[in-house]
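Colleague: Fold the following and give me the result.
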Amino acid sequence: MSEQQTVFGEGFILKAPHANAKDFVKGSLSIKVDEAIKFLQEHKDDRGWVNLDLLEGKSGKWYTKKNTWQPEKKEEAADEVTPQDVPW
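Modeller: Predicted structure coming up:
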């Protein structure tokens, strides 16, 4: 498996919940629209998606990173039988 370059999400600012936040508040997300749109257009996959991981740095600061995971392509078996191959 090859190493891929880390791509940080641009235009997205994550913040942990403030000290008085209710338990159901997990954090906040601010989006700088022009930067985010540019980032999304440049990094979308062939189906139009961009997946971002929400991470916490060693400093405690939250950030986004592009998730570049791709499923492994399965090789098709040459012996596969399709409905049109069945004689009945």
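Colleague: any idea which residue sits dead centre in the chain?
Modeller: When Cα atoms, centre = their mean is applied to the chain, the residue found nearest the centroid is residue 51 (1.8 Å).
Colleague: For that residue, which non-adjacent residue is closest in space?
Modeller: Distances taken as Cβ to Cβ, 6 or more residues apart in numbering place residue 67 nearest to residue 51, at 3.9 Å, with adjacent residues excluded. The C-beta positions use only the backbone N, C-alpha and C, and glycine is treated the same way.
Colleague: Enumerate every residue touching that neighbour.
Modeller: Applying Cβ atoms under 8 Å, 6 or more residues apart in numbering, we find residue 67 in contact with 51, 52, 53.
Colleague: ok, back up a step: for the residue nearest to the centre of the chain, which residues are in contact?
Modeller: So residue 51 contacts 66, 67, 69 (Cβ under 8 Å, 6+ apart).
Colleague: rerun that using 10 Å as the cut-off
Modeller: Under the criterion of Cβ atoms under 10 Å, 6 or more residues apart in numbering, the neighbours of residue 51 are 43, 45, 65, 66, 67, 68, 69.
Colleague: Out of the residues you listed, which is nearest to residue 16?
Modeller: Nearest to residue 16 among the contacts of residue 51, counting by Cβ to Cβ, is residue 65 at 16.5 Å.
Colleague: In terms of secondary structure, what does the helix or strand containing that closest one contact?
Modeller: In this assignment (DSSP states H and E), residue 65 forms part of strand 62-66. On a contact count with 3 or more Cβ pairs under 10 Å, 6 or more residues apart in numbering; DSSP states H and E, strand 62-66 meets strand 12-15, strand 28-31, helix 33-43, strand 52-56.
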